[in-house]
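> curious how this folds, go ahead:
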Amino acid sequence: MINVSFYLRRLHSLCGLVMLGGVLIEHLLTNASAMGGPEVFNNGLAMMEQIPQPIFLGIEICLYAVPILFHGIYGVYIALQANNNPSDYGYSRNWKFALQRWSAWYLVAFLIWHVGYLRIYTKGIMGEHISYALVQSTLANPVVFALYAVGMFAAIFHFCNGITTFCMTWGITKGPRSQCVVDKGAMGLCVLMCLFTLAFMSSYFM
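This is a model prediction of the structure:
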């Protein structure tokens with residue numbers, strides 16, 4: 001008998017690391033162009049706008065929407081079954097297990113707000129192109145800036161901690177020593193990506 005749960009969890013893991021990890025890195029690099037100023041940022045977005053609309057929409061659906069929905073919906077199912085107890089034991093791995101779930105809950109709300117406002121309402125309904133000025137005015141609100149920063153940090157931690165769990169799930173790191181090495185490397189990458197995010201978000205006001 002086929003173990004459906006086993007294969008769904010493997011697909012969930014693979015989808016999160018490869019597909020959504022790629023989306024996160026693409027977003028980081030695209031937004032980082034803001035450090036070059038309005039012209040560089042807007043020119044980068046203008047190049048994306050040159051992609052024919054049907055092809056661009058297909059990319060958004062197949063490479064963005066479907067993986068995010070699958071990973072999110074099945075991730076909620078996994079989170080609801082998780083038994084978080086960081087305060088009882090306090091081990092680093094246990095805390096990261098809990099933070100992986102907590103960051104997921106925040107990301108569900110954050111992505112609904114982010115995609116709903118920028119992609120569906122602003123660009124889709126109002127027909128306004130995303131631009132440096134638009135992002136700058138959005139982040140000018142301190143509350144919005146903080147919510148976006150936490151959203152980015154949550155996505156980065158979720159991805160980087162996912163590298164460790166991916167390697168464990170797929171049997172790449174089988175022993176405690178190799179798991180520790182990958183975990184430290186992933187957390188180091190997490191810190192670097194968070195600092196990088198703060199740098200380009202702050203660049204809108206320098």
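> which of the three states applies to the residue nearest the centre of the chain?
The centroid of the chain falls nearest to A155 when counting by CA atoms, centre = their mean (3.6 Å). The three-state assignment at A155 reads helix, by DSSP: H, G, I helix; E, B strand; the rest coil.
> can you tell me how far it sits from V18?
15 Å (CB to CB, to the nearest Å). C-beta coordinates here come from the backbone N, C-alpha and C atoms, glycine included.
> likewise for Q179?
20 Å.
> next one: phi and psi at the residue nearest to E49 when sequence neighbours are not counted?
Spatial nearest neighbour of E49, excluding adjacent residues (CB to CB, 6 or more residues apart in numbering): H129 at 7.1 Å. The phi and psi values for H129, taken as degrees, to the nearest 10, are phi -80, psi 140.
> beyond the helix or strand of the chain with the lowest mean pLDDT, next helix or strand please.
Among the helical and strand segments of the chain, the one scoring lowest on mean pLDDT, DSSP states H and E is helix 86-89, with a mean of 54. For helix 86-89, the following helix or strand on the C-terminal side (DSSP states H and E) is helix 92-114.
> may I ask which helix or strand encompasses L147?
L147 belongs to helix 142-169, assigned by DSSP H and E.
> quick one: name whatever helix or strand follows that helix.
If you walk from helix 142-169 toward the C-terminus, the next helix or strand you reach (DSSP H and E) is helix 176-202.
> tell me how far that next one lies from the chain's centre.
On the basis of CA atoms, centre = their mean, to the nearest Å, the separation between the geometric centre of helix 176-202 and that of its chain is 14 Å.
> that helix packs against which elements?
Applying 3 or more CB pairs under 8 Å, 6 or more residues apart in numbering; DSSP states H and E, we find helix 176-202 packed against helix 21-32, helix 142-169.
> which stretches of the protein have low pLDDT?
1-2, 82-90 (pLDDT under 70).
> that older thread, distance to Q50 for the helices and strands packed on helix 176-202 - can I get that in JSON lines?
Formatted as JSON lines, the helices and strands packed on helix 176-202 follow (distance: least, CB to CB, whole Å):
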{"stretch": "helix 21-32", "distance to Q50": "15"}
{"stretch": "helix 142-169", "distance to Q50": "27"}
